[in-house]
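**Q** A predicted structure for the sequence below; I have some questions about it.
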Protein chains: 2
Amino acid sequence: MLLNHKEVQQASKARRHAFAPEFQRGLYEAIFRRRDIREFIPDPVPDEVLARVLVAAHHAASVGFTQPWDFVVVRDLERRREVMRVFEEERRKNAERFAGQRKKKFLSLKLEGILDAPLNLIVTCEPDRFGPGVLGKVSIAEVEVYSTCLAVGNLWLAARAEGLGVGWVSIVRNDALRRIFSIPCNIIPVAYLCIGYTESFPERPLLESAEWASRLPPRSLLHFDSWDGRSDDEGHALATAMQSSAIWRSIFTDEPA
Amino acid sequence: MLLNHKEVQQASKARRHAFAPEFQRGLYEAIFRRRDIREFIPDPVPDEVLARVLVAAHHAASVGFTQPWDFVVVRDLERRREVMRVFEEERRKNAERFAGQRKKKFLSLKLEGILDAPLNLIVTCEPDRFGPGVLGKVSIAEVEVYSTCLAVGNLWLAARAEGLGVGWVSIVRNDALRRIFSIPCNIIPVAYLCIGYTESFPERPLLESAEWASRLPPRSLLHFDSWDGRSDDEGHALATAMQSSAIWRSIFTDEPA
């Protein structure tokens, strides 16, 4: 489709808040190179680096600007050993969900760096932090937990840009985390993270290269105007674009996407 | 603290996966300049741009690599008008949580761009997409919803880098969204988003400049080794770093942070 002069002007006006390509690329590099890391080297994380990563988390979106998160920085080895015991119990339970070769593969995977990482971090959520009235919270009760997940997302991307690995350990129990870290019962431990430098960020996600699961084709995830709306021309163009390397050429100028 | 030669070598080895400063800055710009946008201009979002933003969402971390998300792209105006009616009902309920000046301020705020934005997008979550066994899902039932929030976070940052505004409308009801968009009952509508170009990205969050709430001091959110652990020297240094502009000098080289 060719645009006339006025349309081109209008389009560039609309996009005037877009970042320069090298800044766009910085963000997309973080998104595509982020991995769930379970192998760490013991080098300490400098305060300056950890501070940037935590500030990034603190600048996540939050419902009603409630900023419902807290950060528990964990270095104490004794408490981490307790978390490790809970992880081992839960891992055995998780293994029971699988059978045969799949169970064997599950048990062969290293799923945490609780003791190897120089630090662990618990990101928690305090619902109703400023009282029961929350702008944006009516029928959907979990909105503050959603905000806390956004903080974890920011933290994970910032860590990647800083060269720091992050692994999210979901094979734990919140009652155990509350006991081990004296977390009050109204506070929800949302994410238990292992953080530290790592020898390498693998090219592909661990569970993909281990053939545990495959990346889903984007086309299968798209719906148009309703759940069963799949097939119009516009939808086809978008699905095709999502699988085309051409959409990245303006940003990744020096290499194949 | 001065490092000896070997320590300096070791530190730079640990950090060798860090991005170049301009790429780091691209990520941090997206994080700090992202806003919840409720004012849109009608210019359409090109497929190429929307495709990049959706690919970014699809590359979020997910528990057990389940990729539990779907994306419902909504342009249909009649359905959006129905969402708008639900929003208005829920907004009135939300207003009842506040009294006096606070209620007045709540009612004065524009909280959505459902009809103004050129497109709406529903990001949903399908728990147990590949059956009841999920690697990483044991005691914490909501792990797939957490993953879906990470996808929303990626999408929101990518949109910002593309110059696109995103607003998350949480003042809706999931039963209504399921009805309007024929979403099956096992699918959770996690985020209802308005997406489009915008005249401006405000310097500060809307709810901050409207004096609805203030940014919390980072120090108040930090705990060390346990919930009541607040006061050691190391913790003090980290909290101080989080509030110092000096930590940004190596990344934002040409301007004050």
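**A** Nice, thanks for sending it over. On a predicted model such as this, the values are computed, not experimentally measured, just so you know.

**Q** run a quick neighbour tally on the residue in the stretch 1-150 of chain A that chain B sits nearest to.
**A** Going by Cβ to the nearest Cβ, chain B is nearest to A:Gly26 of the stretch 1-150 of chain A, at 2.4 Å. For the C-beta atoms, the positions are set from N, CA and C on the backbone; glycine is no exception. Using other Cβ atoms under 10 Å in any protein chain shown, A:Gly26 is surrounded by 28 other residues.

**Q** which element is it on?
**A** helix A:21-33 (DSSP states H and E).

**Q** that helix - what's its average pLDDT?
**A** Averaged across helix A:21-33, the pLDDT comes to 98.

**Q** now do stretch A:74-82
**A** 97.

**Q** for that stretch, C-alpha coordinates in CSV please.
**A** Extracted C-alpha coordinates of stretch A:74-82, given in CSV (Å, rounded to 0.1, in the frame of the first residue of the first chain):
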residue,chain,number,x,y,z
VAL,A,74,18.2,-13.1,51.0
ARG,A,75,21.8,-14.0,51.5
ASP,A,76,21.6,-16.0,54.7
LEU,A,77,22.6,-19.6,53.9
GLU,A,78,20.7,-21.3,56.7
ARG,A,79,17.3,-20.0,55.5
ARG,A,80,18.2,-20.8,51.9
ARG,A,81,18.9,-24.4,53.0
GLU,A,82,15.4,-24.5,54.5
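
**Q** which SS class is A:Gln9?
**A** helix (DSSP: H, G, I helix; E, B strand; the rest coil).

**Q** tell me the contacts of it?
**A** By Cβ atoms under 8 Å, 6 or more residues apart in numbering or on different chains, the contact set of A:Gln9 is empty.

**Q** show the pLDDT at it.
**A** At A:Gln9, pLDDT is 76.

**Q** ok so, going back, now the helix holding A:Gly26 against helix B:21-33, angle please.
**A** Computed by axes from the mean of the first three to the mean of the last three Cα atoms, to 10 degrees, the angle separating helix A:21-33 from helix B:21-33 equals 80 degrees.

**Q** how far away from the center of its chain is helix A:21-33?
**A** Relative to its parent chain, helix A:21-33 has a centroid offset of 15 Å by Cα atoms, centre = their mean, to the nearest Å.

**Q** who does it touch, helix- and strand-wise?
**A** With contacts taken as 3 or more Cβ pairs under 8 Å, 6 or more residues apart in numbering or on different chains; DSSP states H and E, helix A:21-33 sits against helix A:143-161, helix B:21-33, helix B:47-58, helix B:143-161.

**Q** who wins for proximity to B:Arg230 among those helices?
**A** helix A:143-161 (19.8 Å; Cβ to Cβ).

**Q** so that closest one versus helix A:21-33, what angle?
**A** 110 degrees.

**Q** what's the very next helix or strand once past helix A:143-161 in contact with?
**A** Using DSSP H and E, the helix or strand that follows helix A:143-161 in sequence is strand A:164-168. Here strand A:164-168 makes contact (Cβ under 8 Å, 6+ apart) with A:34-40, A:45, A:49, A:53, A:112-113, A:117, A:152, A:155-156, A:159-160, A:191-198, A:201, B:61, B:63.
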